[in-house]
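K.L.:
show me the folded form of this:
(one chain, ligands or ions: 2)
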Amino acid sequence: MVSEVIDRCPTGIVGFDDLCKGGFVRNSDNLIVGGPGSGKTTFLLQFLWRGATQYNENGLYCSFEPDIIDTLNDAMAYGWDFSKLSAEGKIKFMRFSPQTSIDELKKELTKMIAQNDIKRICFDPISVLALNFSDQGKIRQTIFELSSLMKRLKVTTVFVDESLEGDMGNAKDGDWTKTDILRFLSDSVTVFYETGIAGVGDRAVRISKMRRTAHERRAIGMEIRDTGIEIARVVMAQGVVPNQ
Ligand SMILES: Nc1ncnc2c1ncn2[C@@H]1O[C@H](COP(=O)(O)OP(=O)(O)O)[C@@H](O)[C@H]1O
Ligand SMILES: [Mg+2]
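P.N.:
Ligands and ions are numbered 1, 2, ... in the order given. I've put the predicted structure just below:
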């Protein structure tokens, strides 16, 4: 059997790339889910920073939060001074109001991606955009339009969804948030846990799905340090090897 070689977009977070055969599938859309302080924004900033500094790939960070300066200050605290990369056109930051229409968003992003040869794009948090809509059908349509455009423009996308639920396995009927639908649409879903109970070792990350990838399925220990996210390096659990 000839297996297709999948082109990967390494996050540059070594412990994470180990879990998924070297990184996200290139040009896919990926969802990061987690509660407050679980490390979602840090992951995005690190993905963009490493993308530009280690893989020479330009990135775009799109924020729906009121103050993007806070995010830049957070990055600076990890030692990632984006101002130089930004001046060189390697990493761009855009702030959108949650009321921005999908057509406006698509127009602005298309222009920005073409002008700056963007290869990696992050939306933080996409759940804010969903506040505009009362029904899941409209949310689904909007996210679908956005991620289809990103695929056409050949960028690798990471969406952040704010969720207290943590893992879908705990959700009961009626517990779903408006953006849980994104977990079905996305090519990959990674959940960040922050239990706050067991001290420094309380953080964990779990890839719950990643298309075209034999990924690790266990929750793996993670830490946030002065230099950003570190994920424990593990030997992946092996499946049954068929007879040759
Ligand atoms: N230098 C550091 N050392 C250890 N933990 C840190 C450091 N800087 C930030 N953190 C942790 O990271 C959290 C912020 O993570 P963030 O990526 O903003 O989370 P989210 O976007 O999921 O809300 C803080 O609440 C804190 O717990
Ligand atoms: Mg955040």
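K.L.:
so which bits of stretch 38-54 are buried?
P.N.:
Buried residues in stretch 38-54, counted by 16 or more other C-beta atoms under 10 Å: 38-52. All C-beta spots, glycine's among them, are computed from the backbone N, C-alpha and C.
K.L.:
flag every residue of this structure that's near ligand 2.
P.N.:
With C-beta under 5 Å from the ion as the criterion, the chain meets ligand 2 at residues 40, 41.
K.L.:
pLDDT below threshold where in this protein?
P.N.:
Where the chain drops to pLDDT under 70, the residues are 1-3, 165-178, 198-201, 237-244.
K.L.:
mind checking how far residue 73 is from residue 134?
P.N.:
Noted for residue 73: a distance of 35 Å to residue 134, by C-beta to C-beta, to the nearest Å.
K.L.:
let me fix that, I meant to ask about residue 157.
P.N.:
Summarising the geometry, the distance separating residue 157 from residue 134, computed by C-beta to C-beta, is 25 Å.
K.L.:
look at those two and report which has more neighbours.
P.N.:
Taking residue 157 and residue 134 together and counting by other C-beta atoms under 10 Å, residue 157 has the greater number of neighbours (26 against 10).
K.L.:
just the buried residues of the longest helix along the chain, please?
P.N.:
Longest helix of the chain, by residue count under DSSP state H: helix 136-152. Within helix 136-152, the residues that qualify as buried by neighbour count (16+ other C-beta under 10 Å) are 139, 140, 142, 143, 146, 147, 149, 150.
K.L.:
number of residues surrounding the residue nearest to residue 205 when sequence neighbours are not counted?
P.N.:
Of all residues not flanking residue 205 in the chain, residue 222 sits nearest, at 4.8 Å (C-beta to C-beta, 6 or more residues apart in numbering). Residue crowding around residue 222 was assessed by other C-beta under 10 Å; the count is 24.
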